[in-house]
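> predicted model and sequence follow; I will ask about them next.
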Amino acid sequence: IGIHMHSLGEADLASDEATRQWLVQRIPAGEFVLQDYVMRPMLFKGHKFDLRLWTVLLSVDPLRIHLLGTGIPKVSMWKYDGSPKHVKNPCVHYLF
């Protein structure tokens with residue numbers, strides 16, 4: 001449980017089979033969300049941030065989405081340092 005960061009080498013991304021083998025060897029069974037890490041994110045006054053917004057999908061064709069009236073902005077307490085040595089530092093990434 002929680003956030004885990006892994007780096008794949010070029011050989012691990014060379015083919016779908018190589019990537020699958022990497023996942024099988026390192027990731028336990030279960031359901032996960034995999035995403036790319038953004039090395040140069042948009043910052044707010046030097047801090048990482050996100051906007052938590054809730055929507056309701058009303059229709060796909062035509063696309064109609066209702067944005068609920070309340071959203072929550074979250075800003076990290078620590079200045080972002082994009083150097084590779086800080087990639088696994090959770091204090092830079094967690095938004096409180």
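Noted; the coordinates are in hand. Keep in mind that what you see is a predicted model, and the values were worked out from it rather than measured.
> scan this structure for its longest helix.
Ranked by residue count, the top helix of the chain under DSSP state H comes out as helix 16-26.
> ok, then the element right after that helix?
Sequence order places strand 47-60 as the next helix or strand after helix 16-26, per DSSP states H and E.
> buried ones in that next one?
residue 48 (16 or more other CB atoms under 10 Å). Quick note: C-beta positions are derived from backbone N, CA and C, even for glycine.
> do the same with stretch 19-29
residue 22.
> pull the CA atoms of that stretch into CSV?
Output of stretch 19-29 as CSV, limited to C-alpha atoms (Å, rounded to 0.1, in the frame of the first residue of the first chain):
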residue,chain,number,x,y,z
THR,A,19,8.4,-4.7,-19.9
ARG,A,20,6.0,-7.6,-18.9
GLN,A,21,9.0,-9.5,-17.5
TRP,A,22,10.2,-6.5,-15.5
LEU,A,23,6.7,-6.1,-14.0
VAL,A,24,6.3,-9.8,-13.2
GLN,A,25,9.7,-9.8,-11.4
ARG,A,26,9.2,-6.6,-9.3
ILE,A,27,5.5,-5.9,-8.8
PRO,A,28,3.4,-8.1,-6.5
ALA,A,29,0.1,-9.5,-7.7
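> average model confidence for it?
For stretch 19-29, the mean per-residue pLDDT is 84.
> please apply the same query to stretch 45-53.
For stretch 45-53, mean pLDDT is 88.
> residues in contact with that stretch?
41-43, 67-68, 71-80, 92-93, 95 (CB atoms under 8 Å, 6 or more residues apart in numbering).
> send the alpha carbons of it over as PDB?
Only the C-alpha atoms of stretch 45-53 are listed here, as PDB (Å, rounded to 0.1, in the frame of the first residue of the first chain):
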ATOM      1  CA  LYS A  45       6.000  29.500  -6.500                       C
ATOM      2  CA  GLY A  46       8.600  26.600  -6.700                       C
ATOM      3  CA  HIS A  47       6.300  24.000  -5.100                       C
ATOM      4  CA  LYS A  48       4.500  21.000  -6.700                       C
ATOM      5  CA  PHE A  49       0.800  21.300  -6.600                       C
ATOM      6  CA  ASP A  50      -2.400  19.600  -7.800                       C
ATOM      7  CA  LEU A  51      -6.000  20.400  -8.100                       C
ATOM      8  CA  ARG A  52      -8.500  17.800  -6.800                       C
ATOM      9  CA  LEU A  53     -11.700  18.300  -8.900                       C
END
